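In: Fold the following.
(2 chains)
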Amino acid sequence: ETGVTQTPRHLVMGMTNKKSLKCEQHLGHNAMYWYKQSAKKPLELMFVYSLEERVENNSVPSRFSPECPNSSHLFLHLHTLQPEDSALYLCASSQDFVQGRFNQPQHFGDGTRLSIL
Amino acid sequence: AQSVTQLDSHVSVSEGTPVLLRCNYSSSYSPSLFWYVQHPNKGLQLLLKYTSAATLVKGINGFEAEFKKSETSFHLTKPSAHMSDAAEYFCVVSVSGTYKYIFGTGTRLKVLA
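Out: Residues are numbered from 1 along each chain as shown, chains lettered A, B, ... in the order given. A predicted model of the protein is given here:
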C-alpha cells in the first residue's frame, strides 16, 4: 500500500473545464513533487515544494497551478488545458532537503490519468 | 552534468531465468543512483538505492544492483525472474547537491511463461 494517495485516478475533461488533482502523503515527509509522465518521454518534473514553499517551477505553463496548504497535501489546479496535456500526473514526496539532506528517495503515488477532449 | 542511459528499451526473459537491466550514468561527482519499477496503471516504486556506501546494493523482491565506478554502470539483476516482475524499470540519478532526479527512458521487462 502506497503512503502517497492521489485522487482522482482518472479524469476526463474538456479544454474549457477547471478541475483539481489532489495528493496526500502519510509518510511524515516535508517535500512534495508533481511530475508529468507522457508516452515515450522521460518523466518531467513540474513543481517542487519544501516545507510548504515552492522551490521549483520548471517552466510549466500557467494553466497548471499548484497549491501546498500543508506538508501532507498537494494540489494541482487545472484550467483551459490543451490536448497535449493528456498524460499521467504523478505526485511524490520525500524528506525535506533544506538542510542539505539531498538524495533522499522519493515515494510516488499511483498517479492521475488525465485525458483532455 | 549528470545523465543516465538505459541501454535496452525492451528485455524479454523466460520465467526462472536471470534478469539483467543495464544502466550507465554520467556524473562529475559521486552520484546517488536509484532503480524504480512501475507496474501498469501504478506509480513508481523504489526498488533500491546507492548512496556511496556498499557497491552491491540489495533491494526488494530479490533485485540487486552493483555500482561500478570504472564502468560508470549501475545494472539491475535478479537471479530468477517471476511473472510478477513484468513491468517498466527506471534507472535514476540524482543531480548532485539538489533534489532533482534525472530519469532514464525506461526498460520494459517481459517475462515469458
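In: okay, CA-based contacts and neighbour counts for the rest of this
Out: Fine.
In: Report the beta-bridge partner residues of the most centrally placed residue in chain A.
Out: Closest to where the C-alpha atoms of chain A average out (CA atoms, centre = their mean) is residue A:34, at 2.5 Å. Beta bridges link residue A:34 to residue A:47, residue A:91, judged by DSSP bridges.
In: my read: it touches residue A:93, true?
Out: No - using CA atoms under 8 Å as the test, residue A:34 is too far from residue A:93 to be in contact (9.1 Å).
In: Give me the nearest residue to the residue in chain A positioned nearest to chain B, chain neighbours excluded.
Out: Here chain A gets closest to chain B at one residue, residue A:110, 3.8 Å apart by CA to the nearest CA. Distance criterion CA to CA, 6 or more residues apart in numbering or on different chains; nearest residue to residue A:110, sequence neighbours excluded, is residue B:43 at 3.8 Å.
In: I'd guessed that neighbour sits against residue A:92; true?
Out: No - between residue B:43 and residue A:92 there is no contact under CA under 8 Å: 9.2 Å.
In: For residue B:53, give me its contacts.
Out: Neighbour list for residue B:53: empty [criterion: CA atoms under 8 Å, 6 or more residues apart in numbering or on different chains].
In: and if you look at residue A:31?
Out: A:48, A:49, A:50, A:51, A:52, A:71, A:93, A:94, A:95, A:96, A:97.
In: So which bits of chain A are right by chain B?
Out: Within chain A, the positions adjacent to chain B are A:40-43, A:90, A:97, A:100, A:102-111 by CA under 8 Å from any CA of the partner chain.
In: Which ones among those lie within strands?
Out: Among these, the ones falling in strands (DSSP state E) are A:90, A:107, A:108.
In: now those residues: which count as buried?
Out: A:90, A:107, A:108 (16 or more other CA atoms under 10 Å in any protein chain shown).
In: which residues touch the residue of chain B found nearest chain A?
Out: When scored by CA to the nearest CA, chain B has residue B:43 as its residue closest to chain A, at 3.8 Å. Going by CA under 8 Å, 6+ apart, residue B:43 touches A:90, A:108, A:109, A:110, A:111.
In: All good on my end, thank you.
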